[in-house]
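Need a 3D model of the sequence below.
(one chain, ligands or ions: 2)
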Amino acid sequence: KRKRDAEDPVVLEQRVADFNLKEVDVKNFTDLPLSLPTVSGLDASHFKILTDIQAKAIPLALKGADCLGAAKTGSGKTLAFLIPVLESLYRKRWTSLDGLGALIISPTRELAIQIFDVLRKIGRYHTFAAGLVIGGKSLQEEQERLGKMNILVCTPGRILQHMDQTASFDVNNLQMLILDEADRIMDMGFQATVDAIVEHLPKERQTLLFSATQTKKVSDLARLSLQEPEYIAVHEAA
Ligand code: ADP
Ligand code: MG
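Ligands and ions are numbered 1, 2, ... in the order given. You can find the predicted model right below:
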């Protein structure tokens, strides 16, 4: 029998379980229990050292916790959720047959495109199907592609439209929900839209919420979408 190697999701699952949040000082991405495709994708994208928000959020998210992360613009929040998304689906041996595994919601098309570009870079050695759902194409064109996707990056209005109108769009297997720029999602008046999206999703899931600021509006959104979240805030040095 072939020995289980480092790429085996079962071995990786054990490494994550053994990973002690308090004892391990995370500095480099190689300090984390990550799959080979992710390690290779980060390396090829020249990411080596974690930012503060990444060092705090990624270990908790890898262990499956719901997280509410606040850190200013430019602090590296995108990788803080994209790495846990890739790892969660990899460890679950997600395949094209499993359908939608992760939904990433961004307030604007431009930000969604940026997230998608980073996902393509660091996810290049994974085999997941990822798509962008931000409108601008015909609904029918998007409908045909939706069913094949494992990871979607979307804007709130457009994805809700599909949830309401695309009969074949199945979200019942969803493992992870990401709300990025939660403060802007709220400022742009998407509260009711996000509430309606969450209504469609399975309750048993992991949710990560990131924002540049901590406001009452963000905690309102968190209350409705997160379960016993870990609160992570990165403050600027005085
Ligand atoms: P935020 O979402 O917090 O505004 P981003 O995720 O957009 O921040 O990242 C801001 C910039 O920092 C991007 O150019 C990104 O490539 C870079 N970056 C993110 N993480 C790292 C890292 N660990 N090492 C080096 N650069 C990074
Ligand atoms: Mg961002």
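
Can you show me the CA trace of the helix or strand in which residue 143 is found as PDB?
According to DSSP states H and E, residue 143 maps onto helix 139-146. Extracted as PDB, the C-alpha positions of helix 139-146 are listed here (Å, rounded to 0.1, in the frame of the first residue of the first chain):
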ATOM      1  CA  LEU A 139     -28.900  36.100 -17.000                       C
ATOM      2  CA  GLN A 140     -29.300  33.000 -19.200                       C
ATOM      3  CA  GLU A 141     -25.600  32.900 -20.000                       C
ATOM      4  CA  GLU A 142     -24.800  33.000 -16.300                       C
ATOM      5  CA  GLN A 143     -27.500  30.500 -15.500                       C
ATOM      6  CA  GLU A 144     -25.900  27.900 -17.700                       C
ATOM      7  CA  ARG A 145     -22.500  28.200 -16.000                       C
ATOM      8  CA  LEU A 146     -23.700  28.500 -12.400                       C
END
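
ranges for the helices of the chain?
Secondary structure of the chain by DSSP state H: the helices cover 9-18, 36-44, 52-62, 77-91, 109-122, 139-146, 156-165, 182-187, 191-200, 216-225.

For this structure, which residues score under the pLDDT cut-off?
Residues of the chain meeting the criterion pLDDT under 70: 1-6, 236-238.

Can you tell me which residues in the chain are near ligand 1?
Taking CB under 6 Å from any ligand atom as the criterion, the chain approaches ligand 1 at residues 47, 49-51, 54, 71, 73-79. Quick note: C-beta positions are derived from backbone N, CA and C, even for glycine.

how does it look with 5 Å?
When proximity is defined by CB under 5 Å from any ligand atom, the chain lies next to ligand 1 at 47, 51, 73-79.

Quick check: of these, which has the highest neighbour count?
For the residues of the chain next to ligand 1, the largest neighbour count, defined by other CB atoms under 10 Å, is 25 neighbours, found at residue 77.

That one and residue 104: what is the separation?
According to CB to CB, to the nearest Å, residue 77 and residue 104 sit 12 Å apart.

overlap in contacts of these two?
residue 180 (CB atoms under 8 Å, 6 or more residues apart in numbering).

Can you spell out which helices and strands pack onto the strand ranked longest in the chain?
Counting by DSSP state E, the longest strand found in the chain is strand 206-211. Packing partners of strand 206-211 (3 or more CB pairs under 8 Å, 6 or more residues apart in numbering; DSSP states H and E): helix 52-62, strand 67-70, helix 77-91, strand 176-179, helix 182-187, helix 216-225.

what residues are up against the closest residue to residue 126 other than its chain neighbours?
Leaving aside its chain neighbours, residue 126 sits nearest to residue 37 (4.7 Å; criterion: CB to CB, 6 or more residues apart in numbering). Contacts here follow CB under 8 Å, 6+ apart; on that basis residue 37 touches 86, 90, 123, 125-126.
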